[in-house]
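> Need a 3D model of the following:
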Amino acid sequence: MNEEHESSAGSRTASLVGYIARIVIAVAVVGVLVGYAMYVQTNEGEATVVTRFGKPMRVIDRPGPSLKWPWPVEQAHAIDTRLKVFNTPYTETITKDQRSVVLHTYIVWKVIDPLRFHESLGSPNNAEDKLGLMITNAKNREMGIYDLSNLVSTDLQTIKTAEIEEAILQSVQSRAEKDFGIHVEQVGVKRIAFPEENMSSVLAKMRANRQAVAQKIRAEGRKVADGIRSDALTKKEEELRTGVERAARIRGEALKQVSAIYREAFGLDQGREFYEFYRALEENKRMLGPGATIYMSTDHSFFPLFSDAQEEPSGQSAPPKGPPEEVSGGVTRK
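Coordinates of the predicted model:
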């Protein structure tokens, strides 16, 4: 009997221990599940919006673990607060000069008010749809102030792309922050396209602008060339004038020296006689070229060397003068 009683008591004890162990395990599992449901992890670059029965209660904007009531009492919604880039779809708009243009833009944005963002939009996809619509409306409104040449032109002074981008940014920035808790960092024009019917007119206008620039460059080139030619002619005239003056001075100095030599030669008796003889030969050589025939009297002063009328010694008479001599080719014949 005692053995049976002890065996029965041990069985009940083991059964109780097993039951308690199962309860502890169940409580531990429930505690883990509850703790996991209450645990909130906020990552870097994120914010967490905690809602209670669907109503936003608080925002956790510090990275790290936090606690909340388990679902379905409270629920955590992670919101990315980093910068994001959104490319808007192609939209056609009309410029001030009634030209159709297709602008492809991009938006750089981020969430700065997670609670307002969650209440108004809830997800990044909804935010991009809303921003795309806002940018389209702003483009249509702002492009009505500018001409097509402010977007596409060969003259850099007329390009106002940066001004248009800033105008679109200012148009959507304040409303996005106020209504959706979004800060629009930048709006830029990524690509400009034209409808098929406007392409020919745009190309014609660009061609006309290039031709005007080419004509201006040619006119400036001709002006510079005329200036260079004018300077060259001026320098040429100056060089010629200087050369003529130098030649005249050199010729004058030479004539001066020749005159001095002549005077010096005439001052000497023997030198004068030789000079007169040499000059007569030179003049005869110059005047009587090849094949020349001249009839002159031998007593002519031009031919003193060939004249027979020379003074004879005293007591002798000069021989009679004969007919004029014939000089042919430098040969004298009686």
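
> Could you pick out the longest helix of this protein?
Taking DSSP state H as the criterion, the chain has its longest helix at helix 196-266.

> pLDDT of it, averaged?
What helix 196-266 shows for mean pLDDT is 81.

> Also stretch 63-74?
Averaging pLDDT along stretch 63-74 gives 72.

> quick one: V49 and A76 touch, right?
Yes: proximity of V49 to A76 meets the contact threshold set by C-beta atoms under 8 Å, at 7.4 Å. (C-beta placed from N, C-alpha, C; glycine too.)

> overlap in contacts of the two?
When contacts are counted by C-beta atoms under 8 Å, 6 or more residues apart in numbering, V49 and A76 are jointly contacted by I60.

> These two: which is more packed in?
With other C-beta atoms under 10 Å as the criterion, V49 and A76 differ in neighbour count, and V49 comes out ahead with 22 against 18.

> Report the buried residues of stretch 43-60.
Of the residues in stretch 43-60, 46-51, 59-60 count as buried by neighbour count, 16 or more other C-beta atoms under 10 Å.

> wait, stretch 280-290
Of the residues in stretch 280-290, 284, 288 count as buried by neighbour count, 16+ other C-beta under 10 Å.

> Just give me how far it sits from the chain centre.
78 Å (C-alpha atoms, centre = their mean, to the nearest Å).

> What average pLDDT does it get?
The average of the pLDDT scores along stretch 280-290 is 73.

> so where is the stretch 1-150 of the chain shaky, pLDDT-wise?
Along the stretch 1-150 of the chain, the parts satisfying pLDDT under 70 run over 1-12, 14, 30-39, 67.

> Where do the strands of it begin and end?
Listed from the start of the chain, the stretch 1-150 of the chain has strands (DSSP state E, counting those that start in this stretch) covering 39-42, 46-52, 55-60, 64-67, 74-80, 84-87, 91-94, 100-111.

> Put together JSON lines for those strands, with distance to L169 on each row.
Compiled in JSON lines, the strands of the stretch 1-150 of the chain are given as follows (distance: least, C-beta to C-beta, whole Å):
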{"stretch": "strand 39-42", "distance to L169": "30"}
{"stretch": "strand 46-52", "distance to L169": "24"}
{"stretch": "strand 55-60", "distance to L169": "27"}
{"stretch": "strand 64-67", "distance to L169": "35"}
{"stretch": "strand 74-80", "distance to L169": "22"}
{"stretch": "strand 84-87", "distance to L169": "14"}
{"stretch": "strand 91-94", "distance to L169": "16"}
{"stretch": "strand 100-111", "distance to L169": "9"}
